[in-house]
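Colleague: Next one to model:
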Amino acid sequence: MFTQQEVEHFVIQKFAVLQSEYNFKPPKVKKEGWITRIDFIKGDIAIEVELDWREFDVFLLIVRLEAGKLPQGYYISDGKRCRQHLLTLIKEKRWPVDQALVSQIRSRARTDPRKRETGELKTRIASYQVLLLSCLSRILAEESLFDTSQKSSH
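Modeller: Numbers count the residues shown, from 1 in each chain. Predicted coordinates:
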């Protein structure tokens, strides 16, 4: 049996590298019903790990902050896109990443939530961490991160 706290603590431990090596602020944990969001903030962006307890799943999103704060909207806030799933961003920007890792994360999303276990959830969290770190320099340097009209491959 697992506890939500155990998984949340695992996320904070796995992503501690954001704070120690990339100068992100300490994580902010927000719980809303079946969802827990853990945000790591730096400058005008946040790395958001979303734990969906109903689906027993995890998502990693890149968030555009508004005046240094998390946006009010989920995907759209103040008329602008404010959150993007990491996998979508990688695809849109055509960033060269480990496609086997991307496939592993995507295939995991198609399994029956009732059959998911804590170990699998932790494996997926760890996979997201590796994928994020492989493209974090691009995320931090990209000025048009939320602009879907421009594609880049650098």
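Colleague: does residue 104 sit in a helix or strand, and which one?
Modeller: Taking DSSP states H and E as the definition, residue 104 sits inside helix 99-108.
Colleague: how about low-confidence regions in this structure?
Modeller: Counting by pLDDT under 70, the ranges of the chain that qualify are 1-2, 77, 108-116, 143-144, 147-154.
Colleague: Just the buried positions in stretch 13-26, please.
Modeller: 14-15, 18, 24 (16 or more other C-beta atoms under 10 Å). Using the backbone N, CA and C atoms, a C-beta is placed for each residue, glycine as well.
Colleague: follow-up on the earlier one: I'd like the next helix or strand past the helix holding residue 104.
Modeller: helix 118-141.
Colleague: Which strands or helices does that following helix pack on?
Modeller: helix 4-14, helix 16-22, strand 45-52, strand 57-64, helix 86-93, helix 99-108 (3 or more C-beta pairs under 8 Å, 6 or more residues apart in numbering; DSSP states H and E).
Colleague: any chance of the buried residues of stretch 13-26 in TSV, with distance to residue 72 too?
Modeller: Shown next, in TSV, are the buried residues of stretch 13-26 (distance: C-beta to C-beta, whole Å):
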residue	distance to residue 72
14	28
15	24
18	24
24	22
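Colleague: At the geometric centre of this structure, which residue do we find?
Modeller: Geometric centre of the chain, nearest residue: residue 60, 1.8 Å, by C-alpha atoms, centre = their mean.
Colleague: So that one sits against residue 51, correct?
Modeller: No: between residue 60 and residue 51 there is no contact under C-beta atoms under 8 Å: 10.6 Å.
Colleague: hang on, the earlier thing: need the helices and strands packed on helix 118-141 in JSON lines (columns: distance to residue 35).
Modeller: Listed next are the helices and strands packed on helix 118-141 as JSON lines, based on distance: least, C-beta to C-beta, whole Å:
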{"stretch": "helix 4-14", "distance to residue 35": "11"}
{"stretch": "helix 16-22", "distance to residue 35": "20"}
{"stretch": "strand 45-52", "distance to residue 35": "6"}
{"stretch": "strand 57-64", "distance to residue 35": "10"}
{"stretch": "helix 86-93", "distance to residue 35": "17"}
{"stretch": "helix 99-108", "distance to residue 35": "18"}
